[in-house]
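[1] starting from these lines, generate the structure:
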Amino acid sequence: MSFAITYKRLFQVQLLHGFFLNRADRLVDFNPANFAGYQLEDLLEVLPTEPTRRWLKGHRARFLIDSYGISVAQRVMEQPAGAILEHHPQVPVEEGSMLEFGLKARQPDWLNYSNQRLRPNVPGIHFFSNLNVFGDLTAPFLARPLPGYNDKRAYEMGELARTNQAIYMAKRAIDTKNNPTGVGGIHWQRLFVFNQNLPHQFCSTEDQVLLPSRFSYRFSPLKNKTIKKGSFTLKELDNTTVKTINFDEAEAIQQWLLDFRDVSTGFYTLEVQSDSGYEDLIKVYLNDTLYDPSLFGVLQIGQQGAMGDFRLLENNGSLRRNNDDKTEFPVFKILIKNRHTYWQYVLNQSDPPNPAGNADVEFLDPGSKKVLITKEPVPLSRSLAQVYFQHDKPATEIDETVLLPNPGSLLVHEDEEGRYYSEIYLSKIKT
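    Numbers count the residues shown, from 1 in each chain. Below you'll find the predicted structure:
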């Protein structure tokens, strides 16, 4: 007599990084077909917490890692229900079950090629959850919506802002002094418009909510604005005030230490205001146990109440089914956008030729002709970008195309205008 032990997936979470999966032609599509060699384990170490390890063992479940993401599979029993074949976990998944995983970058240059702020307001790490704790997720994505433009604070290059029609990225350090028309002005790069049907729910500072109960807030004020007096107000998600911290200093301050150790672990809204007009509004998850500054983030997957498209199970405890009543596990997605930088070409040439008028580059200082710089930020990518110094002239039989090389290093520099750039050394340009 023989029998088969059947495992079926409870869920899968795909973690897709744009550095590997977005093409260098600047299309933001996170398409796995762009890199068949993608291996999540090369990028991130996924660390189940100790309570999660105990849950997996006690529920006869297996933690799996594949090329694009992680899964949990559970031993199941088949159970006919009329014409439907249901699959029930051998050990039922209790209401309120919670699995948590630390996400730790394996590569030392992760921050260089990932579109994260280098000087964030708070030291939060990313938190992704299918429980939709802030009520603003859109399945199957676990990243919160990108923020709208806030004209009360300054922006770092690479920060994102959305309008009703498009997603924009700051091309340099921005405030209202050099951005009088708001988002969409000359210092913003439009990544795409929504009618292009491309995924735009990639993670951002909106997801960096996981914090310890004691942390410093770093101000990013507008130019010529100083922060001396103001307040921090911590509120429940229903807008009930929990705690207010006031500050009033004689000299300008750059940051302020916040102590919420007398506040319960949980999800809150933090309002920041100053008498100089500075304003900020962020979501926070205060959790001393879960916070680890060495992590990129934490992934939480659970089953709790009515969850719609984020559910793991049906109401009777069987594994989730699709519209055809076939057992089908949910696939959630986390999209990590790659960083854009300007590319600066340092020339070791006494009298270099001038780039063509329709080239992708121009001289940083036309008088010295020592450095070329791309006119727009270029995405850092494992695939090669075509940066034209000179395009082909169709009227001739000779191909006059001159392409410039991609950066050989992922090191990121910053200039006086708050532009991040990659540096490439060139001995000579031939046209």
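
[2] could you use CA atoms for every contact and neighbour count after this?
    Will do.

[3] got a pLDDT number for Pro355?
    We note a pLDDT of 92 for Pro355 in this prediction.

[4] quick check: it vs Glu362, distance?
    Distance of Pro355 to Glu362, computed by C-alpha to C-alpha, to the nearest Å: 6 Å.

[5] swap in Asp238?
    52 Å.

[6] the more surrounded of those two?
    Counted by other C-alpha atoms under 10 Å, Asp238 and Glu362 do not tie: Glu362 has more neighbours, with 21 against 8.

[7] any idea which element the more buried one lies in?
    Taking DSSP states H and E as the criterion, Glu362 maps to strand 361-363.

[8] pairing partners for the helix or strand following that strand, with directions?
    Moving toward the C-terminus from strand 361-363, the next helix or strand (DSSP H and E) is strand 371-374. Its sheet considered, strand 371-374 pairs with strand 340-347 (antiparallel), strand 361-363 (antiparallel) by DSSP bridges.

[9] wait, what's in contact with the nearest residue to Arg214 once chain neighbours are set aside?
    Distances taken as C-alpha to C-alpha, 6 or more residues apart in numbering place Asp259 nearest to Arg214, at 4.5 Å, with adjacent residues excluded. Taking C-alpha atoms under 8 Å, 6 or more residues apart in numbering, we find Asp259 in contact with 213-215.

[10] just want the most central residue of the chain.
    With distances taken as C-alpha atoms, centre = their mean, the residue of the chain nearest its centroid is Cys203 (2.7 Å).

[11] can you pull the contacts of the closest residue to that residue other than its chain neighbours?
    Once flanking residues are discounted, Cys203 sits nearest to Ala143: 5.0 Å by C-alpha to C-alpha, 6+ apart. Residues in contact with Ala143, defined by C-alpha under 8 Å, 6+ apart, are 128, 137, 201-204, 207, 334-335.

[12] in ChimeraX, select just the buried ones from the residues you listed.
    If you want just the buried ones from the contacts of Ala143 in ChimeraX, going by 16 or more other C-alpha atoms under 10 Å, the selection is:
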select :128,137,201,202,203,204,207,334,335
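
[13] Asn164: which of the contacts of Ala143 is nearest?
    Asn164 lies nearest to Gln201 out of these, by C-alpha to C-alpha, at 14.0 Å.

[14] quick one on the thing from earlier: contacts for the strand holding Glu362, please.
    With contacts defined as C-alpha under 8 Å, 6+ apart, strand 361-363 is touched by 355, 369-375, 387-389.

[15] ok, those residues vs Leu281, which is closest?
    Ranked by distance to Leu281 (C-alpha to C-alpha), these are led by Lys375 at 33.3 Å.

[16] residue contacts, the residue nearest to the centre of the chain?
    143-144, 146, 334-337.

[17] next one: Met77
    6, 87-90.

[18] check these and tell me the two furthest apart.
    Checking the contacts of Met77 with C-alpha to C-alpha, the most distant pair is Thr6 and His88, at 10.8 Å.

[19] intersection of neighbour lists for these two?
    Jointly contacting Thr6 and His88 under the rule C-alpha under 8 Å, 6+ apart are 76-77.

[20] pick out whichever of those two has more residues nearby.
    Neighbours were counted for Thr6 and for His88 using other C-alpha under 10 Å; His88 has more, 22 against 14.

[21] how about the more buried one, nearest residue that isn't a chain neighbour?
    In this structure, His88 finds its nearest non-sequential neighbour in Ser318, 4.4 Å apart by C-alpha to C-alpha, 6+ apart.

[22] I figured that neighbour hits Gln90, correct?
    No - using C-alpha atoms under 8 Å as the test, Ser318 is too far from Gln90 to be in contact (10.1 Å).

[23] looking at these two, which one has more neighbours?
    Of the pair Ser318 and Gln90, Ser318 is the one with more neighbours under other C-alpha under 10 Å, namely 20 against 16.

[24] how about low-confidence regions in the stretch 151-300 of the chain?
    For the stretch 151-300 of the chain, the stretches with pLDDT under 70 are 176-181, 193-199.

[25] okay, now the domains of the protein?
    Under the assignment automatic domain parsing, the domains of the chain span 7-145+293-336, 213-286, 340-426.

[26] JSON lines for the ones you listed, including distance to Phe192?
    JSON lines is the format used below for the domains of the chain (distance: least, C-alpha to C-alpha, whole Å):
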{"stretch": "domain 7-145+293-336", "distance to Phe192": "8"}
{"stretch": "domain 213-286", "distance to Phe192": "25"}
{"stretch": "domain 340-426", "distance to Phe192": "14"}
